[in-house]
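A.B. asks: structure for this input, please:
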Amino acid sequence: MFAKLPLKLTAPFDPEGISKLISTRHIPENDSYWDQMHPKTVTTLVRVVTSRLFNLVSDHTFPVQQSTASVTSYASSLIKAATAERNSTKEVLNCIRILQRVLPVIFEVEGESNAFELEVFWKKVQIDHEGGLQVDEPQFSSQSVDLKVKAKQTLPSLGEKLFGCIMDLLFCCGFTLPTKIQVDHYKINYVIWEKGVGSTVDPGPNSQYDSNKIEVLRLLLVLFSRQIYISPASLFGKPSFFTLHMVRKTPRRDVLTLLCSLLNTILNSTPNNLTIASVAGKVPYNHLVFKGEDSRVALVGMCLQVLCVLLDFQSGPAKDVVSGNDENTVSMPTAQTNAFRYFLAKLHRMQDFAFILDGITSILDQQLAETIILFWKMIELNKKFRSYVLDSDKVVDVLAYLFSYGLEIKDKPQQHGLCRSISYIVQTLSAEPAFGKKLHLPVKIQLPTKWSTPGTAADFMITSIYSMMSTTSGAMTSLYPALILALSNVAPYLKNLSVVSSNRLIQLFTSFANARFLLSDESHPRLLFLMLEVFNSVIFHHLSDNPNLLYAIIMAHKTFQDLATFTLASGLREIRHAELVREERTRHGDPNRKSMGETDIEAGDVQAEKARLSRNESYSVPARSERMESVLECAPDDEDGEALSIPTRQSDKARGKMRERPESSETTSSPELLASAGVGRSGFVPTQEWVDDSLPLDTVMLVISELLPKIQSLQGGGQKAATTGDIIDFLRSVSLVGVLPPLPPLHPRKFTWSDASMVWLTSFIWGEIYVHGMSPLGIWSSTKVRLFFVKHTSSQPRQITGTMSHVVGELFSPARQRPEFP
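C.D. replies: Okay, the predicted model is just below:
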C-alpha cells in the first residue's frame, strides 16, 4: 500500500517502515521497532495514513467490486492475490486499522493535555487565494491605483476531513451498502441501512458489508475513546474534541441517517431463543461477539456501543440546556448541544415507538448492558416514548426483565454497575402514575423458577427488591435509596398484596428500625422514613384492598411501638444487649440457629410465612439486632435523591393513642456518648437531638390502636377462636373513615441527574466498552485509563508509552494554554 510513497516519509520507520504495522498483527512491546518513534514520525504517520485514506475513498477504483461466490471467481481471486494488483478496499481497511492501533497510544500519552491533537487534527490552515478582493489606495496618496489583495481561504482541519471521510465510508455503495442502490456514478448515498425508524426499505444483510461497517464504527469508537484518558474531575471541563465535533458539527442529514441506521440495525437483530437464566449470568453480553464468528451480532454490539456513547455525551458545550425555576427545572438537549440526543427526543410516530419497544424487549437477552442503557436513554429523553411504554402492558415485561437480570447478577461485584442502572430506571418509571396502575397485572413472561413469584407485578417487584437488599450482605447499599424510593412512589397504587410480599415489606421495615443500623449513619433514618411512607400510602389509598399487609402491620405492632419511644440511650442499650447475646452464643454455640442466607431465601410456603411472622412478633430485641447486623451494613448518602426533611403533623387522636416519647430527662451520659461515638461510621456520632427528628408514625399507630384490640378479641374471645382467614376477611371489610387524618397529596420523587451520577454512567458505559475491546484486538489494552480503574493481571510497563511520552513532551510544550472548543 505504501510502497510508492516518498522515501522521506517511510525512511524513519526502518526496518520495514509503515508497512510493518499492516503486516504484523501484534508487534511485541519490547520490539526495537518502537525505539524509532520520534516527533516527526508520529505526526507523519497520522498525516500519511489519513491522507492516503482520503485519496483512496475519493478514487474511482474504490471500492473494489465483490466477486460472485463461485469456484471460478474464488480461484481467480487467489491468482490476483498472488500478484501485485492493487486492491483499494483492502488499503482503506488497512488505513482504518492502523489508526485504530495508533490513536489510543497518542491519547494515553497526551492525558489531559490536548496540544498534540490540536496541532495535528484541529489546526486549520489558511492559504492565499489569488484574484480576490480589490481595494483602492488609501486617501493620502499622490496617485490612484488599484491594488489586488490576496484573500485568505481556510481549509478544513484534518479532524474535520477525517470525520467527513468516516461518514462517507458508512454510506458507501459497494463498501458498506449494496451496489444496487447506487445512483449513477455517485457511490456515496446517505440512505438508512435497514427498515424501521425513518425507512421502509430493507436492502438485505451482507456479511462483508457488515464487517466493513464494524471496522469503520470501531474507528469512530476509538476516536470517541479520548474520554477515557481524562480524569473524572475533568470530564466536563475537558471534553473530547472528537465526540464534540460529532454531536455538534455533523450536518443534520448525516445525524438523522446515522441515528436511524444505528437504531434499526440494533432493533432488527433476531433473538436466539435464549432464556433469561441462560444469559443473565453472562452480562454484559455474549463475549463471542468480537471473535468474528458472527458479523451480524458483532455489528449490533458495535452499533449499541457507538449509540450509547453519543446519547450519553454531555461534556463542555454539549451539556443539556437547563430551563425553569428552582422548583421545576428541566434540562433538555438542543440541536446545538448534542444533535443525537435532540433528534432522538423528537421521535413521535406511534409505529416507531412500537418498533423500538418490540425490538428492545426482543434483544434484552442478547445485548444486555448496552440495551438497558439505550432503553434508559429513550425513556429519559423522549417523553412521548416514555408515555407509550407506560400505557402498554409490556411495561410489566420490561420490569420483570430488569429485576430478573438484577437478581441474577447481584452476587457478582463486577456487575453491580448494571444493578445500579436498573435501580435508577425503576425509580424513573415508578414516578409516573401510569406505572403504578399497571402493577396489578400478572407477569406473563417466563422467569427463572428461583425468582418467579406468585401474584401480581407488584408482588414480584417487592420480593425482588427484598432479595437484592437482604441477600447481598450490604454489598449493594448504594442502591437502597433508589429501590425504596421506587416502593414509596408506587405505594398509593398497591392492591391485593400477597402474604409473601406483605411480610417482605415488614421485614425491610424491621431491618431499617434496628438500633445498630439506624444509629450507624446519618442517612439511615431516611430509609425508615420511606418505608413508613409506603405503609401510610397503602393505608390512605387502599386499606381494605390489602388485608394481608394490614394483618402483618398489626402483628408487628411491637416494632412500631418501640420505634415511637426510641431514644439514643435505649438504642445504645439494645446494641449492647445484642453484642452480649452474640458473645454468649459464640462461646456456647447454637446449632439450631439458621444462617442469614437460609432465613432470607426461605419464602416458598404461605403458611410458613405466617408462622415466621408470628415468631418475629415474639423476638427479643437482641435477636432483632443480631439479624440486622448480618443483613444491612451501611448505606451511603444518595447524591441523586431529594432531601426528606418533611415535617410530620400529629393529630389529636394520634397523640392520645401513641405512646409518648420520653422527654430529655433521659439525657445521654458520658459513657453513653462514648458508646455512641463507636456506633456511627465514617466519623458520624448520633445525638439525642438527631434521634428526636420526627418519623411519620401517626397513621400506622392509629391503625394499630384501632384494630389491634379487635383482632385480639377475635383471636381469644367467644366460643370459637377466629382463624387467620376470618381475620383477613374482617380486615377486608374494615373502614377507618373519620379516624384517619385527611388524605395527603402525592409527591412522587423522580430520579434527578447530578454531576456525580453523570460521571458514573459515562464511566460505566466506557468500562463495558473497554472490556469488550480487550478481545480479540485489545484496542485499549496496556494503556493507562484515567476515567475508571483497571486492574491489570500483569504489572509489566509498556515501553511504547515511555517512548511516546518523550516524543510528545519534546514536540509540544505542556505550558500551552487550552484554547476554546473548536
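A.B. asks: quick one: secondary structure of Val500?
C.D. replies: Per DSSP: H, G, I helix; E, B strand; the rest coil, the local secondary structure of Val500 is helix.
A.B. asks: burial count for it?
C.D. replies: Applying other C-beta atoms under 10 Å, we find 21 residues neighbouring Val500. C-beta here means a position set from N, CA and C on the backbone, and glycine is covered the same way.
A.B. asks: my guess is it contacts Asp459. True?
C.D. replies: Yes. Under the criterion of C-beta atoms under 8 Å, Val500 lies in contact with Asp459, with a separation of 6.9 Å.
A.B. asks: need the residues touching each of those two.
C.D. replies: Common contact partners of Val500 and Asp459 (C-beta atoms under 8 Å, 6 or more residues apart in numbering): Thr453.
A.B. asks: just for the stretch 201-350 of the chain, where's the confidence low?
C.D. replies: When the per-residue scores of the stretch 201-350 of the chain are filtered using pLDDT under 70, the ranges that remain are 270-293, 326-327.
A.B. asks: let's see 50
C.D. replies: For the stretch 201-350 of the chain, the stretches flagged by pLDDT under 50 are 272-292.
A.B. asks: check the stretch 451-600 of the chain too.
C.D. replies: Per-residue confidence of the stretch 451-600 of the chain (counting by pLDDT under 50) places the weak regions at 591-592, 594-600.
A.B. asks: can you map out the strands along it?
C.D. replies: Listed from the start of the chain, the stretch 451-600 of the chain has no strands (DSSP state E, counting those that start in this stretch) to report.
A.B. asks: now do the chain
C.D. replies: In the chain, the segments counted as strands under DSSP state E are 126-136, 146-154, 321-323, 330-332.
A.B. asks: counting neighbours, what do you get for Lys495?
C.D. replies: 16.
A.B. asks: what separation do you get for it and Asp521?
C.D. replies: To Asp521, Lys495 is 34 Å away according to C-beta to C-beta, to the nearest Å.
A.B. asks: now Arg253
C.D. replies: Remark: distance between Arg253 and Asp521 (C-beta to C-beta) = 53 Å.
A.B. asks: which pLDDT does the model give Val808?
C.D. replies: Residue-level confidence at Val808 comes out at 39, pLDDT.
A.B. asks: quick check: pLDDT value at Ala354.
C.D. replies: We have a pLDDT of 95 for Ala354.
A.B. asks: list the contacts of it.
C.D. replies: Counting by C-beta under 8 Å, 6+ apart, Ala354 has contacts Tyr388.
A.B. asks: over to Val734?
C.D. replies: With contacts defined as C-beta under 8 Å, 6+ apart, Val734 is in contact with Leu543, Ser544, Leu550, Leu707.
A.B. asks: can you tell me the closest non-neighbouring residue to the third one?
C.D. replies: Of all residues not flanking Leu550 in the chain, Leu731 sits nearest, at 4.8 Å (C-beta to C-beta, 6 or more residues apart in numbering).
A.B. asks: same thing with the second one?
C.D. replies: Distances taken as C-beta to C-beta, 6+ apart put Arg732 closest to Ser544, at 5.6 Å, once the chain neighbours are dropped.
A.B. asks: residues in contact with that neighbour?
C.D. replies: By C-beta under 8 Å, 6+ apart, the neighbours of Arg732 are Ser544, Asp545, Pro547.
A.B. asks: quick one: which of the contacts of Val734 sit in helices?
C.D. replies: Filtering the contacts of Val734 for membership in helices, criterion DSSP state H, returns Leu550, Leu707.
A.B. asks: from the contacts of Val734, pick the one nearest Thr449.
C.D. replies: Using C-beta to C-beta, Leu550 is the member of the contacts of Val734 that lies nearest Thr449, at 30.3 Å.
A.B. asks: how close does that closest one sit to Asn503?
C.D. replies: Where Asn503 is concerned, Leu550 sits at a distance of 12 Å (C-beta to C-beta).
A.B. asks: shared neighbours, those two?
C.D. replies: In contact with both Leu550 and Asn503: no residue, using C-beta under 8 Å, 6+ apart.
A.B. asks: let me see the ranges of the helices in the stretch 651-800 of the chain.
C.D. replies: Ranges of helices in the stretch 651-800 of the chain, per DSSP state H, counting those that start in this stretch, are 652-657, 670-679, 688-691, 698-716, 724-732, 755-773, 799-811.
A.B. asks: which of those has the lowest mean pLDDT?
C.D. replies: When the helices of the stretch 651-800 of the chain are compared on mean pLDDT, helix 799-811 scores lowest, with a mean of 39.
A.B. asks: sorry, back to before: can you redo the contacts of Arg732 as a markdown table with neighbour count and distance to Asp698?
C.D. replies: A markdown table is the format used below for the contacts of Arg732 (neighbours: other C-beta atoms under 10 Å; distance: C-beta to C-beta, whole Å):
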| residue | neighbour count | distance to Asp698 |
| --- | --- | --- |
| Ser544 | 13 | 20 |
| Asp545 | 15 | 21 |
| Pro547 | 21 | 22 |
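A.B. asks: the longest helix along the chain vs helix 755-773, what angle?
C.D. replies: Among the elements of type helix in the chain, defined by DSSP H, the one spanning the most residues is helix 88-110. What separates the directions of helix 88-110 and helix 755-773 is an angle of 130 degrees, with axes from the mean of the first three to the mean of the last three C-alpha atoms, to 10 degrees.
A.B. asks: look up how far Cys303 lies from the nearest residue to Ser520 once chain neighbours are set aside.
C.D. replies: Counting by C-beta to C-beta, 6+ apart, Ser520 lies nearest to Arg681, which is 5.2 Å off, once chain neighbours are set aside. Taking C-beta to C-beta as the measure, Arg681 falls 44 Å from Cys303.
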